[in-house]
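**Q** show me how the following folds:
(chains A and B)
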2 protein chains.
Amino acid sequence: MTTDPLVVFTPSGKRGHFPVGTPILTAARQLGVDLDSVCGGRGICSKCQITPSYGEFPKHGVTVREDALSEWNAVEQRYDDKRGLKPGRRLGCQATVQGDVVIDVPPESQVHRQVVRKAAAARAITMDPATRLYFVVVEEPDMHSPTGDLERLERALREQWQIEAVTADLSLLCKLQPTLRKGKWEVTVALHKGHKDNVARIVEIWPGLHENGLYGLAIDLGSTTIAAHLTDLETGEVKASSGLMNPQIRFGEDLMSRVSYAMMNPGGDHEMTRAVREAINDLVTSIADEAGIDPALIVETVFVCNPVMHHLLLGLDPVELGQAPFALATSESVSLPAREMDLTTMNPRAQVYILPCIAGHVGADCAAVALSEEPGKSQDLVLIVDVGTNAEILLGNTTRVLACSSPTGPAFEGAQISSGQRAAPGAIERIQIDPVTKEPRFRVIGSDKWSDEEGFEADIATTGITGICGSGIIEAVAEMRMAGLLDESGLIGSAEQTGTSRCVPEGRTHSYLIHDASAEGGPRITVTQGDIRAIQLAKSALYAGARLLMDEMGIDKVDRVVLAGAFGAHISTKHAMVLGMIPDAPLDKVQSAGNAAGTGARIALCNIAARAEIERVVREITKVETAIEPKFQEHFVAANAIPHKTDPFPELAKVVTLPTPSFNTGGDAEKTGRRRRRKA
Amino acid sequence: MTTDPLVVFTPSGKRGHFPVGTPILTAARQLGVDLDSVCGGRGICSKCQITPSYGEFPKHGVTVREDALSEWNAVEQRYDDKRGLKPGRRLGCQATVQGDVVIDVPPESQVHRQVVRKAAAARAITMDPATRLYFVVVEEPDMHSPTGDLERLERALREQWQIEAVTADLSLLCKLQPTLRKGKWEVTVALHKGHKDNVARIVEIWPGLHENGLYGLAIDLGSTTIAAHLTDLETGEVKASSGLMNPQIRFGEDLMSRVSYAMMNPGGDHEMTRAVREAINDLVTSIADEAGIDPALIVETVFVCNPVMHHLLLGLDPVELGQAPFALATSESVSLPAREMDLTTMNPRAQVYILPCIAGHVGADCAAVALSEEPGKSQDLVLIVDVGTNAEILLGNTTRVLACSSPTGPAFEGAQISSGQRAAPGAIERIQIDPVTKEPRFRVIGSDKWSDEEGFEADIATTGITGICGSGIIEAVAEMRMAGLLDESGLIGSAEQTGTSRCVPEGRTHSYLIHDASAEGGPRITVTQGDIRAIQLAKSALYAGARLLMDEMGIDKVDRVVLAGAFGAHISTKHAMVLGMIPDAPLDKVQSAGNAAGTGARIALCNIAARAEIERVVREITKVETAIEPKFQEHFVAANAIPHKTDPFPELAKVVTLPTPSFNTGGDAEKTGRRRRRKA
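**A** Residues are numbered from 1 along each chain as shown, chains lettered A, B, ... in the order given. Predicted coordinates:
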């Protein structure tokens, strides 16, 4: 009895016997090996390239002879002449089994190839986008059994790709007939498969084999900036990244001022919607230009954003989000054609997916963080903090995930700080205060030198030193606390109390002078008592939110902390801990996840199953509303002290010993001041 | 043992025992009695009105006492005060069972009430439209378990109406939040349920109970005219009917000239699409105005049309329909939002349904005729002819249905006839020729008197006698044949041969003079030899198409003939038979179905199951393409004689004896003429 030849695929290890003459692509399909093909085995798309291995394979128990595959054929030759096949490569649809053989499927020939994320975390994204290309040969029309061209295209997709239930909108239908004839009844279609309705929409059609790629956008739509990643939907590669300011800033710096603008100005919400949609249209054009692709090849866009941006993007009045009970118009994910949102610069039939919102204050951006950081899959208890104007906080492990948002205000972004500014060249971003001399040294965006290092002056010659950004103010306050310039209650000591002339009186309180360029007409950069109060309010809110989730979870210690967002990537974890922004934890267990929301958007763009997953996860998250929780206020007040009035910070104490001055002489200076004013 | 009271519903006869206190609506629902309710039993919509009957009912074996139902309650009183209940009526959701009772459900309280069609045929339409109203009470938002307003509306529909999987587009989402709050969390939604995708779309939402009705349009989009019926989607009542000329006429009178216009003029198809859509938008506004309703209450539109109009309506280039193999872009039914077709004057979320096309020459209008006339349900073999510029022909019975179209040309509509004109005041529409005197008498549109009756002159004083319309020319030719003025081959005899001076020479042929107003400066109305030839070409095409289907069916006699369309309603069946337009059949078996295509559109509008049905029927119809069938030419030539060269017309012979003159002296006069010309 002769046995059919054995075919072993690597790296999967899948194996099976196949009759002589079986194409490798056929064998791969029958075994469920992940081998790509757009043209369906017609030898024109080259997606099914494989590498046969020859010789002895004791591990597989196979000896592969030189003639294990059919000879190089005319189709392969034509392809090689035209495009060039890498040495050793064959086309899987052309090479047929002649004897036992070991076949390696290189990563670029795998449909579900894995793309390693750029971010620190090593988790890879498995490519399985909603939109894919399919090459089909369509039957020509026949007067004897008349059917529409669309119906024959549908039949071809059913018979050649087992795809049922295809839909096409009018704009696609308009180009169907000329495209079929131009391609001589061979066309490539891009099909978008809805993960909820399971409907395959024909997004685009090209004559013949389409070889110019297919792209998607992952957009992190923030209140301040809009960041987009243009991603190749076949390889997962990020072809270009681009960002711009959210033009809604002219209607209000923060979210609540935009909601107010909508409330106070009839049609104000429409103005803001128009502005953000125009900005996105521009962004699409510029990012496609940057990557050198036709913007019509962008067939999908995933958005993550907070609830107010979510509503303004969709053209929904955000007014309900400005008042209790903070009702969202819709909380579930949204799938719709881009043109319904007037996004007209990408493919006219491009599809948009917006992640679900968790609650009226906890948006699709937080859902994206959950998708990226997967607290629900964490064995240890993880606290994830995405700091912005609102901090969004997740706490959980495999048993349960909780979420809330906390109104930190814009202090962490350098707003409402006397010398505060956005993170831009000229801004102090890092600072150290000598505990003995109380003298500061600092670093400024635009230079990688400290202010006392040689060459610093030259580096900053053009920008100057203009202010302090968010991460700078956090370090400044924490360093002041560590250097004994600030007591636990947050009071700045006088020059007398602190022993440095940098502590200067300012009304009834004191400021700490970091840099004085006023002699040269430059700014005088100080940290005022008001700045400390603003940071205290913000960090108390953040800490109180985290504590509320810990209460709900019934724990008073977390195993690790993840700081998400651009802010999280820039602040020093030690300083954040000194400030008491986050609960006490071992410092090496406090990590930055970079732009986790943006990563979540990319995951949802590249992997359709991730959409269903995050929708399930969001439904299961326990939502905690800070605004109505009486304990929030308690936690908030207790968290006012630096780092905290009552909670011990034993892990922090292992690395930092905080001095214990008290600058309050007979009551809080401010309170005293106020009391006096009342008397007057 | 005591038994629960017996409730008997009429007219259904359904009966059951229910505990004392059961609301009648609940009893009806449990028994599957067809009792309407929009508000779900809250006593506000009044749709569930019923009439209890009292006394002895030996037929049902019941005695109904005066106290068989609960007493008139406050809800009923409030409703009666506000709107007035008809005497004897109760609200089914308020009145509860107290003893044995007989309950009549009046027709207007039935959901699936039947609407008798206005057309001659007695078949009724069962009301089951795709769009229905649902009143729901929506849960208020709760900060403790935050969900979107849409999700809570969905839950209400699921829990209160068992409706799963609802979708809402952005424009609906925009009005969701204010409407819910305006209605104090009670709203009425109009849901459109797709019969293919089974998705329920929220088409509209109103605060509180919506009581202003819901409407749909059935539109018969013809090459020449656009006719619309505005239909109440709850009662099925036609509230207004309106029509206008198809403005595409300016691009070409008939279909092929419009296809040519699209071929010859780049963008010509778009011009025609814009023109017809604008006309429909105007029609929607005017018909709503006529009925005194808000056009935003029009939530559905069904179109029937021929394939060229179908493509031009959808914005598809009709060029492929102008040449073999006559490929449709899509042949299946089309469901889409009206706004995708720029139909903007009805509800912004109105849905459009277009019936499937049967083939490249046999359109959705013919499908609508099949839906209305149901040849596939006919026990006897029925031939259905819809005469227009193209005749669409159906032949079938319960075993099989065949369809074809035949290029009759516009002669039957009075075009290409020397004195021809549209059916408008002043046109001769009926004619009789005295077989002895050969003198004509006729009737003119605008008067119901014959031309030799008293008062005729006065009636037509303003319009005059301007020409002959389609039905007029058919009668004229048939009467000429019956009066012996025309021989079997279609030759008009000379004055000498026929014995009447009304046969006047015209070149080498003769014409028959019907009316001469030239002395008064009016027209001279004749039937020329050329007119006869034009009618012969048209009737031969029609007959040949019918014969081809009969061949395919393997029969040479049909049991009955249905003439559909406006034309079919106006022509005399006897004259059509004399002409040999249709195969021989007993005259009483030749009926007019009126505007069967329009009726089919109304059926599809009012009954969603009819949509699935006609889609199935169309798929099963055997399509016969006349253009490529060699036998068509044979049949066409043989049908040139009047009534026919070879086929006997025994049924016609029972009622009409045709004279047998022959005016051909040594060959066909025309041929002779032509031969002479060639010689010269």
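
**Q** now do the contacts for the closest residue to residue A:316 other than its chain neighbours.
**A** Nearest residue to residue A:316, sequence neighbours excluded (CB to CB, 6 or more residues apart in numbering or on different chains): residue A:329, at 4.7 Å. In this view, the C-beta of every residue, glycine as well, is placed from N, C-alpha and C. With contact set as CB atoms under 8 Å, 6 or more residues apart in numbering or on different chains, residue A:329 has these partners: A:311, A:314, A:316, A:320, B:148, B:149, B:150, B:173, B:176, B:177.

**Q** tell me the SS of residue A:9?
**A** Three-state assignment for residue A:9 (DSSP: H, G, I helix; E, B strand; the rest coil): strand.

**Q** surely it meets residue A:18?
**A** No - with contact defined as CB atoms under 8 Å, residue A:9 does not count as touching residue A:18 (11.4 Å).

**Q** who's more crowded, these two?
**A** residue A:9 (23 against 19; other CB atoms under 10 Å in any protein chain shown).

**Q** would you mind measuring from the nearest residue in space to the more buried one that is not next to it in sequence to residue A:13?
**A** Spatial nearest neighbour of residue A:9, excluding adjacent residues (CB to CB, 6+ apart): residue A:33 at 4.6 Å. Separation of residue A:33 from residue A:13 (CB to CB, to the nearest Å): 10 Å.

**Q** which non-adjacent residue is nearest the residue nearest to the spatial centre of chain A?
**A** For chain A, the residue sitting closest to the mean C-alpha position, by CA atoms, centre = their mean, is residue A:598 at 1.2 Å. Closest residue to residue A:598 apart from its sequence neighbours, by CB to CB, 6+ apart: residue A:220 at 4.3 Å.

**Q** read off the pLDDT value for residue A:679.
**A** Residue A:679 carries a pLDDT value of 37.

**Q** typo on my end, it should be residue A:594
**A** 83.

**Q** does it have beta-bridge partners, and which?
**A** residue A:564 (DSSP bridges).

**Q** wait, it sits on residue A:570?
**A** No - if you go by CB under 8 Å, residue A:594 and residue A:570 don't touch, sitting 10.3 Å apart.

**Q** quick one, domains of chain A?
**A** Listed by automatic domain parsing, the domain ranges of chain A are A:6-109, A:114-207, A:215-354, A:370-410+A:535-655, A:413-527.

**Q** buried residues in stretch A:325-343?
**A** Neighbour-count burial for stretch A:325-343 flags A:326-339, A:341, A:343 (criterion: 16 or more other CB atoms under 10 Å in any protein chain shown).

**Q** same check, this time on stretch A:196-206
**A** A:200, A:201, A:202, A:203, A:204, A:205, A:206.

**Q** can I get those residues in CSV including pLDDT, distance to residue B:452 and secondary structure?
**A** Below are the buried residues of stretch A:196-206 laid out as CSV (pLDDT from 0 to 100; distance: CB to CB, whole Å; DSSP: H, G, I helix; E, B strand; the rest coil):
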residue, pLDDT, distance to residue B:452, secondary structure
A:200, 95, 70, strand
A:201, 97, 68, strand
A:202, 98, 66, strand
A:203, 97, 70, strand
A:204, 98, 70, strand
A:205, 98, 67, strand
A:206, 98, 71, strand
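
**Q** closest one of those residues to residue A:441?
**A** Closest to residue A:441 out of these is residue A:203 (56.0 Å), distances taken as CB to CB.

**Q** hang on, the earlier thing: relative to residue A:604, how far out is the residue nearest to the centre of chain A?
**A** Distance of residue A:598 to residue A:604, given as CB to CB: 11 Å.

**Q** what touches both of the two?
**A** A:218, A:304, A:368.

**Q** what segments of the stretch 51-200 of chain A are strands?
**A** A:55-57, A:62-64, A:90-91, A:101-104, A:114-116, A:124-126, A:131-137, A:166-167, A:186-193, A:200-207 (DSSP state E, counting those that start in this stretch).

**Q** CA atoms only: put stretch A:140-153 into PDB for me.
**A** These are the backbone C-alpha positions of stretch A:140-153, laid out as PDB (Å, rounded to 0.1, in the frame of the first residue of the first chain):
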ATOM      1  CA  GLU A 140     -20.800  37.300 -17.600                       C
ATOM      2  CA  PRO A 141     -24.400  38.200 -18.100                       C
ATOM      3  CA  ASP A 142     -26.500  35.800 -20.100                       C
ATOM      4  CA  MET A 143     -29.700  36.800 -21.800                       C
ATOM      5  CA  HIS A 144     -31.100  33.400 -21.300                       C
ATOM      6  CA  SER A 145     -31.000  33.500 -17.600                       C
ATOM      7  CA  PRO A 146     -31.000  37.200 -16.800                       C
ATOM      8  CA  THR A 147     -29.600  38.300 -13.400                       C
ATOM      9  CA  GLY A 148     -28.100  41.600 -12.200                       C
ATOM     10  CA  ASP A 149     -24.300  42.200 -12.200                       C
ATOM     11  CA  LEU A 150     -24.500  42.500  -8.400                       C
ATOM     12  CA  GLU A 151     -26.200  39.200  -8.100                       C
ATOM     13  CA  ARG A 152     -23.500  37.500 -10.200                       C
ATOM     14  CA  LEU A 153     -20.800  39.200  -8.100                       C
END
